[in-house]
Structure formats: structure tokens, C-alpha cells
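Visitor: can't give you the sequence, but here's the structure:
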């Protein structure tokens, strides 16, 4: 087993391998680095993860397909949700992503569209990072101040299951921690109940802050956080405006299936489709931290 301490040296190796895998989509250098970082420099593990990742996307088009950045559905989501990626990385080279619902009104809330939107935004931003600044992972901050029981009743649990399996088994970037702030009591109970259907490793990644949001600063520096959560680095609206430019500029990349879906008719004989059966979520997780 060969591990590359210098992750950049592994990228040409993966690109050479991709030439022998005609069924896989076009994969640019930034996503390739994310795969190799996730696998701690292990190229063979990265190859397995790449195939599983894109096969999973292909088999779940309800989440990963039809990602028109300029659609009315995405525009409406951008109005009722805040999903921002902070401009500064943490001292340990992690990207910080903040998600919050702007209003308790559930009139236009659509969970499946929300999941599709979130992944599309992350895909766009991970593409544009300079290679020497590609993050080693993502810290999530979930602000649930406006999240209500009515929102919960609109959760599509089929889509939630796909998202859970994506994050547990085939995601290409590490998410070592999710901080939940302004957390309602009913969400705390749900997270506890979720231990029955998520892995213990995933469960331990959640840090809940029910009342004292300043505890967040024990995990993420105040000087890179926006003022809405008692940080000092600008406002969410200003950061979101810059994020939206990146999203729009990468509209074709997000929408075009040549970057995201496999073509099973081109899969080589030595890459058996059988090893990727049940890619809706029943395959075994990689043993990668």
C-alpha cells in the first residue's frame, strides 16, 4: 500500500488511472485532491471512493440530478435559506459552512430541494479553491433558531436517508464536526434518537448548543465568523452575496452531467458493476477517518 504524504503528487497518479476508467465522469484536480486528502494519501482507497462516489450520485438523481442554478426552485431556496461558506479557513485548514433557515414560515420549504441545493453549493465552491488552499475538511454550523416542528413534518425521510448515506459512505471531503446552535429541545431529542440509524462515529460529530452559543468559539475562532452569530467578520448577507457569484459562475459545471454521472455502458470488465450494487445506501463504509 502506497500513501502519498504530498497529496499533490497523487493527483497525476489518479489522472492516469482515470484514463483507464471511461465510465467515470470528468473529474478536475480540486475534487481529486479532496478524494486523496479524505483517504489520507492512499491512492487505492481513493480509487474505490471515487467510483463509489459517482455511482452513488448516478443512482440517486432525485438529489444529484436536475441542478439548474437558475431555476425558480433554487432562487426561492436562496431566499428562504442561508447557506454560506466563510471566506477564511480555520487555523487547521478547514472550511466553515453555516446553514440556517431565515423564517419559521414553511410555505416554500421543500426538504429534497434543500438537500439538492446544499450539495450543489458545496460542489461549486470546492471547485474554485486554489490548489494550495484546498481545505482539508469542512466544519458545519447549523443555526436552528427558526427551525420549527412544521419544518420537521416536511422532511422527506427518503431524501434524508440518501443524504445520511452520502455523508457516511461516499462524501469526498471530511466533516469532522457539526455544531448545532440555537438548538430547540425537540431537535436535541431527535439527534439522540438518531443513534439507532446512524453510526456512532457520525453521532459523535454533533455538538449541540441549546442556549449558550458563545461555546461555539471554543471550536471556531470568533474573528472568522459573521456578526449574526457574535463573530466579527462581516455579515451573512454580504458573505452570501459573494458566495452567490461563485455559484452562478459555475452554473454549467453544476448542471452538466458529464462532471457527475457514470456511464455504466462504458464500465471496464475489471470494474464489476456488482461491487457497486445497492448504491442507494446499503454498501459497507470505507474504513477511513
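Guide: Received the coordinates, thanks. Keep in mind that what you see is a predicted model, and the values were worked out from it rather than measured.
Visitor: Please make it C-alpha for all contacts and neighbour counts, starting now.
Guide: OK.
Visitor: Which SSE is immediately downstream of the lowest-mean-pLDDT helix or strand in the chain?
Guide: Lowest mean confidence among the helices and strands of the chain (mean pLDDT, DSSP states H and E): helix 185-193, at a mean of 81. Sequence order places helix 200-203 as the next helix or strand after helix 185-193, per DSSP states H and E.
Visitor: So which bits of that following helix are buried?
Guide: Within helix 200-203, the residues that count as buried by 16 or more other Cα atoms under 10 Å are 202, 203.
Visitor: Identify all contacting residues around it.
Guide: 168, 191, 194, 195 (Cα atoms under 8 Å, 6 or more residues apart in numbering).
Visitor: What of stretch 229-240?
Guide: 82-87, 213-214, 222-228.
Visitor: What's opposite residue 95 in the beta bridge?
Guide: Beta bridges link residue 95 to residue 138, judged by DSSP bridges.
Visitor: Identify the residues contacting residue 102.
Guide: Residues in contact with residue 102, defined by Cα under 8 Å, 6+ apart, are 80, 81, 82, 146.
Visitor: Hmm, residue 99 and the second one touching each other?
Guide: Yes. Counting by Cα atoms under 8 Å, residue 81 sits close enough to residue 99 to count as a contact (7.4 Å).
Visitor: Report the secondary structure element holding the nearest residue to residue 28 once chain neighbours are set aside.
Guide: Once flanking residues are discounted, residue 28 sits nearest to residue 127: 7.9 Å by Cα to Cα, 6 or more residues apart in numbering. Using DSSP H and E, residue 127 sits in helix 111-128.
Visitor: any residues touching that helix, and which ones?
Guide: Contacts with helix 111-128, where a contact means Cα under 8 Å, 6+ apart, come from 28, 30-31, 62-64, 67, 73-74, 77, 83, 134, 154-156, 159, 163, 246-247, 250, 253-254.
Visitor: Buried among those? Need that as a selection in PyMOL.
Guide: Selection of buried members from these for PyMOL, criterion 16+ other Cα under 10 Å:
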select buried, resi 30+31+62+63+64+67+73+74+77+83+134+159+163+246+247+250+253+254
